[in-house]
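Visitor: Fold the following.
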Amino acid sequence: MDAQNLDWIKVGHVDDLPEGRVKTVTARTTSICLSHFDGQWAAMDNHCPHQRGPLGEGSIEKGTDGKCWIRCPWHGWDFDPLTGKPPGGHEDSGQKVYPLKIEDGDILVGLEAEPEHERTVTDVMAETMVNWGVKRVFGMVGHSNLGLADAIRLQANKGTLEFIGIRHEGAAAFAASAYGKLTGKPAACLTIAGPGATNLLTGLWDAKVDRAPVLALTGQVQTQVFGPGAFQDIDLKSAFEAVSKFSQPVLSSSKHSELMSLALKTAIVDRDVANLIFPDDVQTLPSTKDAGQPEGRLSRIEVTPSNDDLTDAITLINGAKRPVIVLGYGAKDVRDKVIALAEKLGAPVLTTFKGKGLIPDTHPLSCGVLGRSGTPIASWFMNEADLIVSLGSSFANHTGIAPYKPIIQVDFERMQLGKFHPVTLPVWGEIGTFCDAVQDKVNKPSDAPNQISEITERWAIWREEKDRRLTEDHGGGIHSAAVFKALTELCPEDAIIPVDVGNNTYSFGRYFEPRGQRILMSGYLGSIGFSLPAALGAWCATQDFDEFKGRKVISISGDGGFGQYAMEFTTAVKYSMNITHILLNNSQLGKITKEQKSGEWPVWETNLTNPSFAAFARLCGGHGHRVTDPAELNTALAEAIAQEGPSLVEIITDADLV
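Guide: Below is the predicted model of the structure:
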């Protein structure tokens, strides 16, 4: 090498490495074995030619002639640190050695000028992701996705993608699922082969059953060792077949931009999971192909109901004196049109649990959540209704829509219409289009009762009941009603609230009164541990889309749910995420205890041994506050919500006061 044309890169200081020792150092991205022996310094390629063992983790050995050798820690191969040559008998070409010099105690290694990056298959696919509007990747970089990870890194350096390194791949899938639920846009999750990929499955099932678009990018072993049982080799296509609408391996012969385009189109159009499997050796193959584009591949989404269905719907609505509207999660993007229709009819609006918050409880027509975790207001109006207009609801058994009532059901997926039982009028169409079509043609009958005054009366009854519950004290902790009364008063009206499962969530559904907040949950899957990873995804959405910028993220869980992905609090700290987590700690899996009692089973193995979660939050670098007295609630919550970074409020609650 011509020393004058080298880039001299500092790899350490002479004080870093004692005499007779070796260590691994990195110059740019080159891994080097640095050695110090007999007063000399040397630098050679760090990878043993046998099985790429790390020579920098080896040792200096002296032969009988006093000559020093670097010994590989894996299988004992020896190399001369000055020449890179072995003592003989194997790899006669030896190891590459690098020029080295010391200036003012700094150790400098000379490398040739860095070559220009050669575009690869995964560069093409990462560029295609960007073109299709993907803004976030959640995941973990590892040995079988390094080529793909580097392509993502290059896009991150350009500012076209953002990467969030998580602590568990399951959290990456939940974060991507929540991101998709909130924005309607796919985020990606990145894993290695084998266990990294299978760790995604729970979060991907959450996305699939709640119809959230997600792109899963899974590393895989090299193609030459498919099948025989190599380390971390499992059949990923079969493993992901049930959970993904689209799952394909990326091979050397694939049309790489087309594969990525089809994966993203599937995720967006079908609101489902798409999976691409990247063998290690394919990721770095050179490519000169163009990236894919979405132009000309996505249609408009409006589906107009048939004229006959609209005529029948108008007739049914105009003939009803006590209609109610069930506002489901499927109508989240057109909730303003649904509310306008309700206002025209003076019709009470009952939401599904997943739809909680789509209409503020401060609205004169809002009746809160219908069903198991709902309000007695919603149940009362369901019982009194003479027509149910169901918009975006899937008729889950938790919701409790009365099947014996006259029902108009509108959905843009035909299979959802009358899926569980017949309805009076199934209408195939997009909900916003339906509302626009009937808005000017429906009217409240002149002899219909004033349901708005009835709603006001029912809210007064329920709020009095909630206040009475605040006086209950069994000595086991704070009443959940007190927690959510305080949160109702303090939560910003535009906050995004991911909730978990369990008693904490039932209490949230029953007691918290939304005033415009957006609520996220693991709906059909009902997965414990959802809320904290979902908060990571929601916070990223507040950075990526103007619609959500500046909105506070407040997640809620029990102690059981938080324990599933507790270390993701460090992820929030690492990326300075403005997240407040409210943790209701009753030292048990309270909902399971309740179910065991209800089923007349002995209460068994639902107790939990917990640390101080508030102290844990502080140890992680965030704000943590433990609350044992109801009088402290408002101050503790207000202080945590005002934090600019991650905060956690641990509230000791009574498992029986839900």
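
Visitor: hey, let's count contacts and neighbours off CA atoms from now on
Guide: Will do.

Visitor: Gly432 should be in a helix, yeah?
Guide: Yes - judged by DSSP: H, G, I helix; E, B strand; the rest coil, Gly432 forms part of a helix.

Visitor: was I right about it contacting Gly330?
Guide: No - using C-alpha atoms under 8 Å, Gly432 is not in contact with Gly330, being 10.7 Å away.

Visitor: Which strand or helix spans Arg458?
Guide: helix 451-469 (DSSP states H and E).

Visitor: okay, that helix in PDB with CA atoms only?
Guide: Output of helix 451-469 as PDB, limited to C-alpha atoms (Å, rounded to 0.1, in the frame of the first residue of the first chain):
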ATOM      1  CA  GLN A 451     -83.800  11.100  23.000                       C
ATOM      2  CA  ILE A 452     -81.200  13.800  23.700                       C
ATOM      3  CA  SER A 453     -83.000  14.800  27.000                       C
ATOM      4  CA  GLU A 454     -83.100  11.100  27.900                       C
ATOM      5  CA  ILE A 455     -79.300  10.800  27.200                       C
ATOM      6  CA  THR A 456     -78.700  13.700  29.600                       C
ATOM      7  CA  GLU A 457     -80.800  12.100  32.200                       C
ATOM      8  CA  ARG A 458     -79.100   8.700  31.900                       C
ATOM      9  CA  TRP A 459     -75.600  10.300  32.100                       C
ATOM     10  CA  ALA A 460     -76.600  12.000  35.300                       C
ATOM     11  CA  ILE A 461     -77.700   8.700  36.800                       C
ATOM     12  CA  TRP A 462     -74.500   7.000  35.800                       C
ATOM     13  CA  ARG A 463     -72.200   9.800  37.000                       C
ATOM     14  CA  GLU A 464     -73.900   9.700  40.400                       C
ATOM     15  CA  GLU A 465     -73.300   6.000  40.600                       C
ATOM     16  CA  LYS A 466     -69.600   6.500  39.700                       C
ATOM     17  CA  ASP A 467     -69.300   9.100  42.500                       C
ATOM     18  CA  ARG A 468     -70.800   6.600  45.000                       C
ATOM     19  CA  ARG A 469     -68.200   4.000  43.900                       C
END
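
Visitor: buried ones in it?
Guide: Neighbour-count burial for helix 451-469 flags Gln451, Ile452, Ile455, Arg458, Trp459, Lys466, Arg469 (criterion: 16 or more other C-alpha atoms under 10 Å).

Visitor: got it, and stretch 641-658?
Guide: Applying 16+ other C-alpha under 10 Å to stretch 641-658 flags 641, 645-658 as buried.

Visitor: what about the residue lying closest to Val423 once chain neighbours are set aside, how many residues close to it?
Guide: In space, and not counting its chain neighbours, Val423 is closest to Ile407: 5.4 Å by C-alpha to C-alpha, 6 or more residues apart in numbering. Using other C-alpha atoms under 10 Å, Ile407 has 25 neighbouring residues.

Visitor: swap in Thr570?
Guide: 18.

Visitor: With Ala267 instead?
Guide: Ala267 has 28 nearby residues by other C-alpha under 10 Å.

Visitor: With the one 5 residues further on instead?
Guide: When neighbours are defined as other C-alpha under 10 Å, Asp272 has 29 of them.

Visitor: which residues does it contact?
Guide: Ala207, Lys208, Arg211, Ala212, Pro213, Val214, Ser244, Lys245, Thr266 (C-alpha atoms under 8 Å, 6 or more residues apart in numbering).

Visitor: Is the last one in a helix, a strand, or coil?
Guide: Thr266 falls in the helix class when you classify it by three-state DSSP.

Visitor: Can you pull the poorly scored residue ranges out of the chain?
Guide: 1-4, 89-93 (pLDDT under 70).

Visitor: and it, what are its domains?
Guide: The record's domain parsing of the chain by automatic domain parsing lists 3-111, 121-279, 307-454, 470-652.

Visitor: Need those in a markdown table (columns: distance to Asp290).
Guide: Shown next, in a markdown table, are these (distance: least, C-alpha to C-alpha, whole Å):
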| stretch | distance to Asp290 |
| --- | --- |
| domain 3-111 | 27 |
| domain 121-279 | 7 |
| domain 307-454 | 34 |
| domain 470-652 | 26 |
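
Visitor: Quickly compare these and say which is most buried.
Guide: Stretch with highest mean neighbour count among the domains of the chain: domain 121-279 (a mean of 22; mean count of other C-alpha atoms under 10 Å).

Visitor: and the most centrally placed residue in the chain, what element?
Guide: Centrality entry for the chain: nearest residue to the mean C-alpha point is Ala175, 0.7 Å, by C-alpha atoms, centre = their mean. For Ala175, the element it lies in under DSSP H and E is helix 169-183.

Visitor: got it, and Glu258?
Guide: Going by DSSP H and E, Glu258 is in helix 256-269.

Visitor: so who does the closest residue to Gly357 other than its chain neighbours touch?
Guide: Distances taken as C-alpha to C-alpha, 6+ apart place Pro514 nearest to Gly357, at 5.2 Å, with adjacent residues excluded. By C-alpha under 8 Å, 6+ apart, Pro514 lies in contact with Lys356, Gly357, Ile359, Pro360, Asp361, Thr362, Thr488, Glu493.

Visitor: got it, and Pro646?
Guide: Counted by C-alpha under 8 Å, 6+ apart, Pro646 has contacts Phe569, Ala572, Val573, Ser576, Met577, Asn578, Ile579, Thr580, His581, Gly622, His623.

Visitor: Looks like the last one contacts Glu644 (just checking).
Guide: So the one you mean is His623. No - the criterion here is C-alpha under 8 Å, and His623 misses it with Glu644 at 9.8 Å.

Visitor: so can I have CSV of the contacts of Asp272 showing secondary structure and distance to Met382?
Guide: CSV is the format used below for the contacts of Asp272 (DSSP: H, G, I helix; E, B strand; the rest coil; distance: C-alpha to C-alpha, whole Å):
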residue, secondary structure, distance to Met382
Ala207, helix, 30
Lys208, helix, 30
Arg211, coil, 27
Ala212, coil, 29
Pro213, coil, 33
Val214, strand, 35
Ser244, coil, 37
Lys245, coil, 36
Thr266, helix, 37
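
Visitor: can you pull out the helices in the stretch 301-450 of the chain?
Guide: 307-318, 335-345, 376-384, 431-439 (DSSP state H, counting those that start in this stretch).

Visitor: Compare the ones you listed and give me the one nearest Gly296.
Guide: helix 431-439 (23.4 Å; C-alpha to C-alpha).

Visitor: and the closest one, how far out from the chain's middle?
Guide: On the basis of C-alpha atoms, centre = their mean, to the nearest Å, helix 431-439 sits 33 Å off its chain's mean C-alpha point.

Visitor: Name the residues that touch stretch 604-618?
Guide: By C-alpha under 8 Å, 6+ apart, the list of residues contacting stretch 604-618 reads 559-560, 569, 587-590, 592-593, 623-626, 647-650.

Visitor: Surely Ala42 is within a helix?
Guide: No - looking at Ala42 with three-state DSSP, it is strand, so not inside a helix.

Visitor: Turn the contacts of Pro514 into JSON lines, including distance to Phe240.
Guide: Putting the contacts of Pro514 into JSON lines (distance: C-alpha to C-alpha, whole Å) gives the following:
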{"residue": "Lys356", "distance to Phe240": "31"}
{"residue": "Gly357", "distance to Phe240": "33"}
{"residue": "Ile359", "distance to Phe240": "37"}
{"residue": "Pro360", "distance to Phe240": "39"}
{"residue": "Asp361", "distance to Phe240": "40"}
{"residue": "Thr362", "distance to Phe240": "44"}
{"residue": "Thr488", "distance to Phe240": "41"}
{"residue": "Glu493", "distance to Phe240": "39"}
